[in-house]
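> can you look at this prediction? I've put the sequence above it.
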Amino acid sequence: MGRSKHSTQVGAAPATATVQPGLVVGSHGRHCLVESPDGERRICHPRGKKSQAVVGDRVQWLPSTDEGTIERVDTRRNLFYRQDEIRTKSFAANLDQILMLVAAEPDFSEHQLARALIAAEAEHIRALIVLNKSDLPGLFSPAWERLAPYRRMGYGVLPLSLKDTGASGLAEVQAELAGRTTLILGPSGVGKSTLVNRLVPSALAQTGEISQALNSGRHTTTTTTWYWMDKPAGTALIDSPGFQEFGLHHIEPTQLPALMPDIAAHTGECRFYNCTHRHEPGCGVIAHVEGDERNGNSDADISAMRYRIYNELFDELSRPAY
């Protein structure tokens, strides 16, 4: 039988080589760093496009002389990703939660926060919101108030200050991470790198090692990296690059109400079963929107901003793709 056309990717496999399980802990392009159960890490390459893996994936891989080939990606519990009109960007797989880090300064975008939370809800991933820079009371107080709707929805919202050595609020954040695999998200300038380095003191060294392994010494870094905080307890942190945009084109507009807890809480009160919650008479959602003249004397527990975000997203996702 002739040699597989893919065998030249990683060199011939030893005659005794058998497929074994592994965890993807780093990625750059189509190269992955896979960790064996014994902790050894090795560069692996996918066997064909169907074997494309992301950080957090459990894979079956075949060792070769010095590297390896990913033969199969195990079934995922979830995949956290964003999608714009052109491309899909996968962050990580098999997550227990995302930690959305925002700050009192620079001013955070509630639209981007809402988008990330919707993507997490779509994959049934728990979400934690952490507001950094509690050491700036004049800026922190109004920012904390802006997050009141998310606390009412049941999201965990924690204050944090990374300015001092003691890192006020860090212990509370660590408690929420214990025993979980957590993806940290956040725009640039909010303290994401500082938080990762506080939680994982060896992170800088690990990043350098992974970068060197995956890129053969070139001065480029991995896009997403897995760090063990407490391996025996199953506590892991995944650091991801910052983002400016968070596309939700993988979600249908009619799915939005179920993915926004404050909207979902009142969809059962609508007069019409196919209500879009935008203009219909007898809409249970509109009746609970803060400041809407149509809601009479009912409890306004959907903020005007959240309802505006819902409408803007509905319009955006309703536009035909070109």
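Everything's here; your move. Numbering: from 1, shown residues only.
> dihedrals phi and psi, Met153?
The phi/psi pair for Met153 (degrees, to the nearest 10) reads phi -80, psi -10.
> typo on my end, Ala114
The phi/psi pair for Ala114 (degrees, to the nearest 10) is phi -60, psi -40.
> wait, it touches Arg306, no?
Yes. Using CB atoms under 8 Å, Ala114 makes contact with Arg306 at a distance of 7.2 Å. C-beta here means a position set from N, CA and C on the backbone, and glycine is covered the same way.
> what mean pLDDT does stretch 194-202 get?
Averaged across stretch 194-202, the pLDDT comes to 89.
> which residues does that stretch contact?
101, 130, 132, 160, 162, 167, 170, 173-174, 177, 184, 203-204, 206, 227-229, 237, 239 (CB atoms under 8 Å, 6 or more residues apart in numbering).
> need the helices for the stretch 1-150 of the chain, in chain order.
110-122, 137-146, 148-152 (DSSP state H, counting those that start in this stretch).
> can you redo the ones you listed as CSV with mean neighbour count and distance to Asp292?
Compiled in CSV, these are given as follows (neighbours: other CB atoms under 10 Å; distance: least, CB to CB, whole Å):
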stretch, mean neighbour count, distance to Asp292
helix 110-122, 20, 18
helix 137-146, 14, 19
helix 148-152, 16, 15
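> from Ala17, how far out is Thr235?
Distance of Thr235 to Ala17, computed by CB to CB, to the nearest Å: 32 Å.
> quick one on the thing from earlier: next, show the common contact partners of Ala114 and Arg306.
Joint contacts of Ala114 and Arg306 (CB under 8 Å, 6+ apart) are Met260.
> low-scoring stretches of the stretch 51-200 of the chain, by residue?
Where the stretch 51-200 of the chain drops to pLDDT under 70, the residues are 51, 164-166.
> show me where it has strands.
58-63, 68-73, 79-83, 88-93, 97-103, 126-132, 156-160, 181-185 (DSSP state E, counting those that start in this stretch).
> contacting residues around the third one?
Meaning strand 79-83. 54, 88-93, 95, 98, 115, 119-120, 123, 125, 183, 243, 245-250.
> which neighbouring elements make contact with the lengthiest helix in the chain?
In the chain, taking DSSP state H as the definition, the longest helix is helix 304-318. Judged by 3 or more CB pairs under 8 Å, 6 or more residues apart in numbering; DSSP states H and E, helix 304-318 is in contact with helix 110-122, helix 256-259, helix 261-264.
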